[in-house]
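>>> With the input below, show me the fold.
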Amino acid sequence: MKRIDRIYKKLEEKCDALTKDQLLEREGFSANDLAGDLGMLRNNISLELNNLVRLREVIKIKKRPVLYIPRDTVKKNFGNIVDQTILDIPSLKDLYLAKRKSDIGKDVDPFSLLIGSDGSLKKQVGQAKAAVVYPPGGLHTLILGPTGSGKTLFAHMMHSYAKYMNRMDENSPFIVFNCADYYNNPDLLISQIFGHVKGAFTGADSDKQGLVEKANGGILFLDEVHRLPPEGQEMIFYFMDTGRFNRLGETEKRRQSKVLVIAATTEDPSSAFLKTFLRRIPITITMPSFQERQVKEKVDLTRHLLSKEAKRIHKDIKVNEDVIKALIGSVTFGNVGQLKSNIQFVCAQGFLESMESPYVNLYVKMLPQEMKEGLSLISRNVRENEEISTCVGKTTVITGEGSKELVDDDVYELPFDMYKIIEDKANLLKQENVDQAEINRFVATDIKLHIKSFYQQVTRSPNMKLAKLVDKRVLSLAEELRSLAESMLNKSFNDKFLYFISLHIDGFLKRKNNLNPGTPPPHGRLIDENEIEYQVALRMGELIEEKLPVSLPKIEIMYLAILLASANELNQKGKVGIVVATHGNSTASSMVSVTEELLGDYNVRPVDMPLDVSFKDIFDQMIAAVREVDQGEGVLMLVDMGSLYYFEEKIREESGVDVKAIDRVSTPMVLDAVRKANFLDMDLKSIYDSLKNHEYVNGEGVDDMTSPDSDKPKAILTVCSSGQGTAKKLEELIKTFINDITEEPIRIIPLSIVGLNQTAQELAKKYNIIASIGIKKPRINAPFISLEHFIEGKGQLTIEQAIRSQNIQIKNEKSDAIVRNLCEDSLKMMLTYLNPYRAISTLLEFCEQLQKEWDVHFKNTMTLRIVVHSAFAVERAVTGDTLDYKNPVSEEKKMYLNKVREAARVIEKEMSVQLPDEELFYIVDLLRDEFPGKTRQTKSSNTV
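Modelled structure (predicted):
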């Protein structure tokens, strides 16, 4: 047993030997208390105890002397009174007594605090109460419902109700176990629930108590219970019948435990369980999805979750009505769990932007696109849209006062202090003199990844999402096809391959009646029929025809072959490893620590080189570190000076890993290396070349004026199918944009996709390629902007950032050159009387005013539509040939007209033309069609 494990075990034993009251008085044990029992030095014990604190296995009590207590011991005796993110507390006793004072009184029915208990959950609450109080020990219960619908919370409330009704002791346990954690190892799964005896299976080195014993006198909650194998279900229903069980490896059922079993599943019970198991569970409770909840309950849930965030932030939250609608409308598959995730991300964004403000402001523009689509979805449902409006004000102030935690260990609670992370990272970046807008972008992306990663773990279920998209028989067939391909090609395929093959087969089945058998593959014959991938595809086609009532055309076999040949791109490749080595006791560790603080955990290792350690020992450490971080893509060594830089070849030979070394390492260099390896996914040579050609001074990468790249002319590549047409037009647009924002000469080079990579790589030898734009990404080390993002306007910021990265001075940060150019092209061809070059500025100003009036942002395509329509409207007004508006004109539409009329004053002022209401109503229709969520807001502001 390792030293750290021995220390933890001894601490746990000493704490378990005390009663709850004794533990509350003593609060824990010091390093000195353990030293005598273990025969170790106090300093070593103190070191390992602090390591256990950082691992969140032990809580530190900051007294004199410092005391330590296992986190599980605190939870078992006092509940979850210490948040998972807190590492140390001043006093366990004070914290517990304060918690008891704030606890819900015994005279309050816990279910009355549950949102929807007298609405959507009324029937379920009645069933739960009956199950808890039924003599003698309650009725075992199965809770059904989709992911995130509140099954775990509901089970917790049943436990609280049992204590409230004195059916269970105040300190009765509530044990949660997720069967999915061990579903691929039935022995280990059953061992977790019932325990095992020594030697029951490989790795069972000692007797172990199971969860049914730990839950004695309380509730055992089995989540994702459909993951229990048949033998596990049989053991559970025997236990539910008799209260008796045996540990795994025992032959007689001599053990007893009094436990109320509550199980939960997202699956259909008739297909997921043995009938004998279902017969043992008399109560089945079905939780409604978020969409099935009453509108007021959806609003109340949103308010409650926002209130929890306000409490954490210690600031009030001001939230716009449309934000609440967007949050509610954005819940599509994850129910309340997804709502909580979305709220946490939006609040994190708001907190980041409001760090200097006394409150956090949440508004529509800050929402990501998927949440804005939620607003659009709600707006199309007139009844729900109006009901939400009656429940909330135009702006609602959410406070953290009165926010109560109904359960201690919410599975959807983030295991880290999100707002502390935001604050720390923002402050670190400020110290590096990073621009505020860049700080906001960087930290927001980081937080989004944190939250997304956490919720992917919480809602893990290997093919859950895929099962909702395709037929079960297709998913089963896809698994068989993957196994067939793996055996014939002698390679493994990950879940991305499974997704591709499942969706392709499902799509084929849906479109098979519309197939044109003579249609050739869109990319020509990319796979020769003699190649192994094509032969495997033929066998896969036979299996598909055998399992499904279809006949595959030859084109489908070719598609399968192409998928197999490109499967390496589907498998996630490893990333470049990084080793930082510097002289001194902790310099390398400090650099890596700062990098992890700012950019999160990555495949980077420090090697500290104290001056009194021999070079051989350092060399051996380097070899070990290189091997540890290697993921098959090579390792970059960043060193300060001396021998290691010159021993690159020797380290490559000894480790068997492709390595490259750069000397004069600094913290900015490490940050840049990790950013390029992790976020830009660059290969070893590209990272090496880009770092080698920069000097890092005062925290910034500065172009090395002696490097060969500094003399290269700068260029941007435009890519289309032929290198003519679209690429030429792109060249014209980008030239206009570049000339508007900088005076630096940058050449625009149009390319065809034919031979794209070779041509682009040849150009990269002659030019410093800043970015590429178009329909396909060339394999060069430069940002790529798709044609769609460029035309819509999203790519302009990327180009600007790429130019800034070359230390090129930006003279105009708000260029409208691209949209102006697009509009001028259209107007030149269409206008008869107006001068397009003179009209365009006024019409773009009109668009700016519309955006302000409606509080929206136009994509370039929307601006183009408004400008063209307005230009024609002006010409018609001049000639007296105005349109008649024949659509119905409601009172509501008349109110929207006021906003457009207000914005149109700029046309009247600059062009001396007044547009009639008939023309403006068509612009109202354009805006309502593009921004359906703003109509309610416009109506409200006009009726105030």
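>>> Helices of the stretch 451-600 of the chain, residue ranges please.
For the stretch 451-600 of the chain, applying DSSP state H, counting those that start in this stretch gives helices covering 464-469, 472-489, 495-511, 532-547, 554-565, 567-570, 587-599.
>>> same deal with the stretch 51-200 of the chain?
Using DSSP H, counting those that start in this stretch, helices in the stretch 51-200 of the chain cover 71-78, 92-102, 122-133, 151-164, 186-194.
>>> which outside residues touch the longest one?
In this case it means helix 151-164. 106, 108-111, 114, 121, 124, 128-129, 131-132, 138, 141, 143-145, 168-170, 172, 174, 176, 218-219, 221, 223, 260, 262, 264, 285, 287, 406-407, 410-411 (CB atoms under 8 Å, 6 or more residues apart in numbering). (C-beta placed from N, C-alpha, C; glycine too.)
>>> Put the buried members of those into a ChimeraX selection.
Of these, the buried ones go into a single ChimeraX selection, burial set by 16 or more other CB atoms under 10 Å:
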select :109,110,111,114,121,124,128,129,131,132,138,141,143,144,145,168,172,174,176,218,219,221,223,260,262,264,285,287,407,410
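>>> Show me what the helix or strand hosting Ser341 packs onto, helices and strands only.
Element membership of Ser341, judged by DSSP states H and E, is helix 335-353. The contact analysis (3 or more CB pairs under 8 Å, 6 or more residues apart in numbering; DSSP states H and E) places helix 335-353 against helix 295-313, helix 321-329, strand 359-362, helix 418-431, helix 436-458.
>>> run the last query once more with 6 Å
Packed against helix 335-353 by the contact rule (3 or more CB pairs under 6 Å, 6 or more residues apart in numbering; DSSP states H and E) you find helix 295-313, strand 359-362, helix 418-431, helix 436-458.
>>> Show me what the mean pLDDT comes to for the first one.
In this model, helix 295-313 has an average pLDDT of 89.
>>> quick one: that helix to chain centroid distance?
When distances are taken as CA atoms, centre = their mean, to the nearest Å, helix 295-313 is centred 21 Å away from the chain's centroid.
>>> now the helix holding Ser341, how far from the chain's geometric center?
On CA atoms, centre = their mean, the centre of helix 335-353 falls 11 Å from that of its chain.
>>> Same check on stretch 186-204?
Relative to its parent chain, stretch 186-204 has a centroid offset of 35 Å by CA atoms, centre = their mean.
>>> Please apply the same query to stretch 555-563.
Taking mean C-alpha positions (CA atoms, centre = their mean), stretch 555-563 and its chain are 33 Å apart.
>>> Output it as PDB, restricted to C-alpha atoms.
Coordinates of the C-alpha atoms in stretch 555-563 are reproduced here as PDB (Å, rounded to 0.1, in the frame of the first residue of the first chain):
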ATOM      1  CA  ILE A 555     -23.000   3.900 -55.400                       C
ATOM      2  CA  GLU A 556     -23.800   2.900 -51.700                       C
ATOM      3  CA  ILE A 557     -21.000   0.400 -51.700                       C
ATOM      4  CA  MET A 558     -18.600   3.100 -53.000                       C
ATOM      5  CA  TYR A 559     -19.800   5.400 -50.200                       C
ATOM      6  CA  LEU A 560     -19.100   2.700 -47.600                       C
ATOM      7  CA  ALA A 561     -15.600   2.200 -49.100                       C
ATOM      8  CA  ILE A 562     -14.900   5.900 -48.900                       C
ATOM      9  CA  LEU A 563     -16.000   6.000 -45.300                       C
END
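>>> Distance to Val626 added to the helices of the stretch 51-200 of the chain, as a markdown table?
What follows is these, written out as a markdown table (distance: least, CB to CB, whole Å):
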| stretch | distance to Val626 |
| --- | --- |
| helix 71-78 | 36 |
| helix 92-102 | 45 |
| helix 122-133 | 57 |
| helix 151-164 | 44 |
| helix 186-194 | 35 |
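>>> Lowest average confidence across the ones you listed, which one?
helix 92-102 (a mean of 73).
>>> before we move on, the earlier item: show me what counts as buried in the helix holding Ser341.
Buried, per 16+ other CB under 10 Å, within helix 335-353: 335-353.
>>> ditto for stretch 303-313
In stretch 303-313, counting by 16+ other CB under 10 Å, buried: 303-313.
>>> With stretch 7-21 instead?
7-8, 10-12, 14-15, 18.
>>> now stretch 277-295
Those would be 277-278, 280-281, 283, 285, 287-290, 293, 295, for stretch 277-295 by 16+ other CB under 10 Å.
>>> Then stretch 905-925?
Buried residues in stretch 905-925 (16+ other CB under 10 Å): 906-907, 911, 913, 915, 919-924.
>>> taking the residues you listed one by one, which sit in helices?
If you go by DSSP state H, those have 906-907, 911, 919-924 in helices.
>>> what about the nearest residue to Phe78 once chain neighbours are set aside, neighbour count?
Closest residue to Phe78 apart from its sequence neighbours, by CB to CB, 6 or more residues apart in numbering: Tyr96 at 5.1 Å. Using other CB atoms under 10 Å, Tyr96 has 20 neighbouring residues.
>>> so how far is Ile61 from Tyr96?
From Tyr96 across to Ile61, the span is 12 Å (CB to CB, to the nearest Å).
>>> Also Lys894?
68 Å.
>>> Looking at those two, which one has more neighbours?
Ile61 (21 against 13).
>>> sorry, back to before: please flag which of the buried residues of stretch 277-295 sit within strands.
Those of the buried residues of stretch 277-295 mapping onto strands are 283, 285, per DSSP state E.
>>> got CSV for the buried residues of stretch 277-295, with distance to Met240 too?
Formatted as CSV, the buried residues of stretch 277-295 follow (distance: CB to CB, whole Å):
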residue, distance to Met240
Phe277, 9
Leu278, 11
Arg280, 5
Ile281, 8
Ile283, 12
Ile285, 17
Met287, 22
Pro288, 27
Ser289, 28
Phe290, 31
Arg293, 31
Val295, 39
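>>> which one of the buried residues of stretch 277-295 is nearest Ala31?
The nearest member of the buried residues of stretch 277-295 to Ala31, counting by CB to CB, is Met287 at 47.6 Å.
>>> following the worst-scoring helix or strand of the chain on mean pLDDT, which helix or strand comes up?
Least confident helix or strand of the chain, by mean pLDDT, DSSP states H and E, is strand 700-703 with a mean of 38. From strand 700-703 onward toward the C-terminus, using DSSP H and E, the following helix or strand is strand 714-720.
>>> Show me what that following strand pairs with in its sheet, parallel or antiparallel.
strand 746-752 (parallel), strand 768-774 (parallel) (DSSP bridges).
>>> And stretch 154-173, how far out from the chain middle?
The answer for stretch 154-173 is 35 Å, by CA atoms, centre = their mean.
>>> residues in contact with stretch 910-925?
Stretch 910-925 is contacted from outside by 842, 873-874, 877, 882-883, 885, 896-897, 900-901, 904, 908, using CB atoms under 6 Å, 6 or more residues apart in numbering.
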